[in-house]
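Peer 1: Pasted the sequence and its predicted model underneath.
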Amino acid sequence: MPSIHLPRNWRIPEKDVTPEQVYLDRRRFLRAVGAAGMGLLAPWSLDKTSIGVADAADAASTELAKVFPAKRNTKFAVQDREMTREDIAARYNNFYEFTEEKTLVATLARNLKTRPWKVEVTGLVRNPRTFDIDDLLHEFAHEERIYRFRCVEAWAMVVPWAGFPFSELVRKVEPRAEARYVRMWTFLNPEWAPNQKNSDYPWPYFEGLTLAEAMNELTLLATGIYGHELPPQHGAPLRLVVPWKYGFKSIKSIVKMEFTDRQPSTFWNQLAPTEYDFYANVNPKVPHPRWSQASERLIGTRERAPTTLFNGYEASVAGLYKKP
Ligand code: MTE
């Protein structure tokens, strides 16, 4: 069996990852220069020009305007932290298909074509279906939820996602009694995503949840962020959000889901089984083999804060992991 190399960048210990503040200071400088040169721009138009929203024409379409901004569900709020600024979240991404360099993802991911886009739902279900993304947008009632987001690299942010509960999709396809897990895949297209030519990785990206996790009320299928459609770098046009787990579980740009009776393998677990487990629940007491998970950097600030068990969602999810 060929040995799989752990890609170089993933090996960098958390403390050596490019200090995000250096990047932010540069960004603030560029914004100041840009604003001076262009006159005063509305924050939204500045974000659009600088962040690269998927398809400006689509974003303007009346169809999308029916969905975004989605009504905020205030049940899902974050009380003790400020929301991360959009321009910061949109320029500090992990999307290995494009590049291993966080600050370059937004630029490279502009090549991602999000229309037409199909999502096949198959496996142990009574109603297998292939959804067109525009049908998904209209068939499922969308809402906005503000969630904490915690990457395994020990940085964190607070994000307003828009989407619908995964449980709604599960109800629609009706899993059979034997179904216990759901496996998900990202697109495979090295013409769009240059790092998919890098054979160090087992493309396409794949992830999985237990059916009980997928049914949990926190588990969201997101199509939007910050009041509009997802831009490519955040995983357009459909991504998973599981806020009590490390961010690598939240697979981007989903094209396929399969309900199965076996625990699926996952992209990072296949690459480094001793570092990334299937469950990947946020836990300050379980260090990553190469760094501590006891605290986290809040991106967009100079703060560090203690990590909380299940990323602060213990009350909603601890029951999933209690032994009977
Ligand atoms: N999904 C795919 N397809 N490819 C990836 O590289 N990275 C994961 C996750 N989903 C990743 C992915 C990781 S490690 C993180 S932290 C989050 O996406 C980052 O999401 P964001 O860039 O929207 O903040």
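Peer 2: Cool, got the structure. Residues are numbered from 1 along each chain as shown.
Peer 1: mind checking pLDDT for the nearest residue to K102 once chain neighbours are set aside?
Peer 2: Closest residue to K102 apart from its sequence neighbours, by C-beta to C-beta, 6 or more residues apart in numbering: Y92 at 5.1 Å. Yep, even glycine has a C-beta here, placed from its N, CA and C like the rest. As predicted, Y92 sits at a pLDDT of 98.
Peer 1: I'd say Y92 and G247 touch.
Peer 2: No. Assessed by C-beta atoms under 8 Å, Y92 is found out of contact with G247, at 11.4 Å.
Peer 1: Can you give me the neighbour number for the residue nearest to K102?
Peer 2: 23 (other C-beta atoms under 10 Å).
Peer 1: could you pull out the helices for the stretch 151-300 of the chain?
Peer 2: Along the stretch 151-300 of the chain, the stretches classed as helices by DSSP state H, counting those that start in this stretch are 166-173, 211-215, 267-271.
Peer 1: Now do the first one: which elements does it pack against?
Peer 2: Translated: helix 166-173. Applying 3 or more C-beta pairs under 8 Å, 6 or more residues apart in numbering; DSSP states H and E, one finds that helix 166-173 contacts helix 211-215, strand 220-225.
Peer 1: give me every residue that touches whichever residue of the stretch 201-324 of the chain sits closest to the ligand.
Peer 2: Proximity of the stretch 201-324 of the chain to the ligand (C-beta to the nearest ligand atom) peaks at G247, 2.8 Å away. Contact analysis of G247 by C-beta atoms under 8 Å, 6 or more residues apart in numbering lists N94, F149, R150, C151, V152.
Peer 1: for V119, same thing?
Peer 2: V119 neighbours (C-beta under 8 Å, 6+ apart): T130, F131, I133, L136, L238, I254, V255, K256, M257.
Peer 1: Also F140?
Peer 2: Under the criterion of C-beta under 8 Å, 6+ apart, the neighbours of F140 are F164, E168, L169, L221.
Peer 1: Kindly report the same for A70.
Peer 2: Contact analysis of A70 by C-beta under 8 Å, 6+ apart lists H142, E143, E144, A162, G163, G224.
Peer 1: what do you get for T260?
Peer 2: G123, L124, A179, R180, Y181, V182, R183.
Peer 1: repeat for E97
Peer 2: T186, F187, A193, N195, Q196, W203, P204, Y205, S253.
Peer 1: In strands, which of those fall?
Peer 2: Using DSSP state E, the subset of those located in strands is T186.
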